[in-house]
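Novice: Give me a model of this one.
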Amino acid sequence: MRPRPLDLANADIVKREPASPEDLLAALGHFAGLGVDLIIVDGGDGTVREVLTAASKVYSGNMPQVALLPSGKTNALALDLGIPADWSLQDAVRAYRAGNTLARTPLTVSRLGVAHDEKHGFILGAGAFTRATALAQHAHRKGWFNGGAIMMAMMGAIGQTIFGGAQNRWRRGERVMVSRDGDDIRSLNLYLLLASTLTRLPLGLKPFGPAREGLKLLAIEAPPRGIARYLLPLLRGKQSAGMERAGFIQRDAERLYLSMPGAYILDGERYPAGKLLIGRGDPINFVVP
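Specialist: Numbers count the residues shown, from 1 in each chain. Reported below is the predicted structural model:
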């Protein structure tokens, strides 16, 4: 993580570097007590997930504005907001003073029957997405980050999917129950599931179709049929009846109910699955250039 200078004229800066979830909650509670107007997060998508999850426990409907200094392994939210990789603390404060903001609504992920388990993030995936994330972590160790790591993971996942045999674990899938808005209940042998509230994804990918706001879902049934034919059109935002018949399901939703045996990924972190409720949190105003 690169250093951030704090010598800003006429700006009161309170800096905290929490080392645990408990420290993070305490820091945000301290900020709330001080009436902090702007929370500046130095990190990537995983750091943002942890801050927003903790902030939802501290603030109730009066969340301060948030600015991002993208310095993590993946920075999909910063890309969606149009924040450059070299954005500085001074840049963020100047943009805040100028009133430059964009609202984004995070995903909320709750495990049914488990109290106080709600997490806030922006990209959720399961099935092949979970295994692809493991490939991305390997790419990180090789020095690839952001779009480069995503590209390396995609290439590995596509190779395993297209050239693997019938019993290849990428192709077998897992049995998942999906319900959209309490209706449209499906039992799927799932190859991949992806959900997000972002409007723009890294590398210009558009797996949900044309760019738009709201909670969007992509589910691909296993074994994936016609993936060599439909993958590029899918990633370019195309939608067709042929893709739907082949098991490429794209939907908008207010809430998703999932019951699945495997793990899921939220903004790069792996969590045990089970029965999940996925919805949308309160909009957050992010400071942008």
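Novice: Distance check, residue 124 against residue 246.
Specialist: 23 Å (CB to CB, to the nearest Å). C-betas here are computed from N, CA, C, even on glycine.
Novice: These two: which is more packed in?
Specialist: Per other CB atoms under 10 Å, whichever of residue 124 and residue 246 has more neighbours is residue 124, with 25 against 17.
Novice: doesn't that one fall inside a strand?
Specialist: Yes - looking at residue 124 with DSSP: H, G, I helix; E, B strand; the rest coil, it is inside a strand.
Novice: With adjacent residues omitted, what lies nearest to it?
Specialist: Spatial nearest neighbour of residue 124, chain neighbours left out: residue 195 (4.6 Å); criterion: CB to CB, 6 or more residues apart in numbering.
Novice: for residue 27, same thing?
Specialist: Closest to residue 27 by CB to CB, 6+ apart is residue 16, at 3.9 Å.
Novice: The one you found belongs to a strand, doesn't it?
Specialist: No - secondary structure of residue 16 (three-state DSSP): coil, not part of a strand.
Novice: Quick one: neighbours of it, just the number.
Specialist: 11.
Novice: Model confidence at it, what's the number?
Specialist: Each residue has a pLDDT score; the one for residue 16 is 90.
Novice: The one 10 residues further on now?
Specialist: What the model reports as pLDDT for residue 26 is 95.
Novice: Test my guess that it contacts residue 19.
Specialist: No - taking CB atoms under 8 Å as the definition, residue 26 is not a contact partner of residue 19, at 10.8 Å.
Novice: who has more neighbours, those two?
Specialist: residue 26 (15 against 7).
Novice: that's a strand at the more buried one, yeah?
Specialist: No - counting by three-state DSSP, residue 26 is not found in a strand; it is helix.
Novice: show me the contacts for it.
Specialist: residue 18 (CB atoms under 8 Å, 6 or more residues apart in numbering).
Novice: what about it, distance to residue 14?
Specialist: 13 Å.
Novice: what does residue 69 give?
Specialist: Counting by CB to CB, the gap from residue 69 to residue 14 is 15 Å.
Novice: cool, and residue 277?
Specialist: From residue 277 to residue 14 the distance is 35 Å (CB to CB).
Novice: between these two, which one's more packed in?
Specialist: residue 277 (15 against 11).
Novice: so that one bridges to which residues?
Specialist: Here residue 277 sits in beta bridges with residue 110, residue 257, going by DSSP bridges.
Novice: repeat for residue 250
Specialist: residue 218.
Novice: In contact with it, which residues?
Specialist: Taking CB under 8 Å, 6+ apart, one finds 207-209, 216-218, 239, 243-244 in contact with residue 250.
Novice: Now, those residues that are in helices?
Specialist: Using DSSP state H, 243-244 are the members of the contacts of residue 250 that sit in helices.
Novice: Output the contacts of residue 250 in a markdown table; the columns should cover distance to residue 47, pLDDT and neighbour count.
Specialist: A markdown table is the format used below for the contacts of residue 250 (distance: CB to CB, whole Å; pLDDT from 0 to 100; neighbours: other CB atoms under 10 Å):
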| residue | distance to residue 47 | pLDDT | neighbour count |
| --- | --- | --- | --- |
| 207 | 24 | 92 | 19 |
| 208 | 25 | 94 | 24 |
| 209 | 29 | 94 | 17 |
| 216 | 24 | 96 | 20 |
| 217 | 25 | 94 | 21 |
| 218 | 26 | 92 | 19 |
| 239 | 34 | 91 | 15 |
| 243 | 35 | 93 | 19 |
| 244 | 37 | 93 | 11 |
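Novice: Could you list the low-confidence segments of the stretch 1-150 of the chain?
Specialist: Scanning the stretch 1-150 of the chain for pLDDT under 70 picks out the ranges 1-11, 134-150.
Novice: The same query, at a cut-off of 80, please.
Specialist: 1-12, 61, 115, 131-150 (pLDDT under 80).
Novice: The strand ranked longest in the chain packs against which elements?
Specialist: For the chain, the strand with the greatest residue count under DSSP state E is strand 183-196. If contacts are counted by 3 or more CB pairs under 8 Å, 6 or more residues apart in numbering; DSSP states H and E, strand 183-196 sits against strand 123-127, helix 128-141, strand 174-180, strand 215-221, strand 256-260.
Novice: just these: most buried one?
Specialist: strand 123-127 (a mean of 24; mean count of other CB atoms under 10 Å).
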